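Novice: Based on what follows, work out the 3D shape:
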Amino acid sequence: MRDGDWTVAPDGSERWINAKDANGNVLFERTVPITQLDKNVFTYRVFPNAGDTSVYYDIVHTKTNHAEPGTDGRGPGANGHQGGNGKYHFNNGNAH
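Specialist: Got it, this is the predicted structure:
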């Protein structure tokens, strides 16, 4: 996945995402439940088989201060700081 669009429900209960390839074509679209959403952790649950909720993967995003991959050390958190706005950079895969 190179890009995409996503939203979080106003009550924080679920996340909708559509992932796109480098040409902007939609690869997949899904809505997933959010299990934790606070200033330190963003976790959502993915079910490989939508008909079987007994098997799932929790995708956990935590705040970090490392450079964003592919930025050659120039991304948010480079050199031990959190960027110009003083907030942590969340590596959520969609930093647009």
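Novice: For Gly12, list the residues it contacts.
Specialist: The contact partners of Gly12, by Cβ atoms under 8 Å, 6 or more residues apart in numbering, come to 34, 37. From N, CA and C alone the C-beta is placed, and that goes for glycine too.
Novice: In the protein, where is pLDDT below threshold?
Specialist: Within the chain, the ranges that satisfy pLDDT under 70 run 1-2, 72-96.
Novice: for it, what spans make up the strands?
Specialist: Along the chain, counting by DSSP state E, strands occupy 3-8, 14-20, 26-37, 41-46, 57-64, 89-90.
Novice: tell me the most buried of these?
Specialist: Neighbour counts (mean count of other Cβ atoms under 10 Å) averaged over each of the strands of the chain peak at strand 89-90, with a mean of 18.
Novice: Next, format the strands of the chain as CSV and append distance to Thr71.
Specialist: Shown next, in CSV, are the strands of the chain (distance: least, Cβ to Cβ, whole Å):
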stretch, distance to Thr71
strand 3-8, 16
strand 14-20, 20
strand 26-37, 23
strand 41-46, 21
strand 57-64, 13
strand 89-90, 11
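Novice: Alright, calling it a day.
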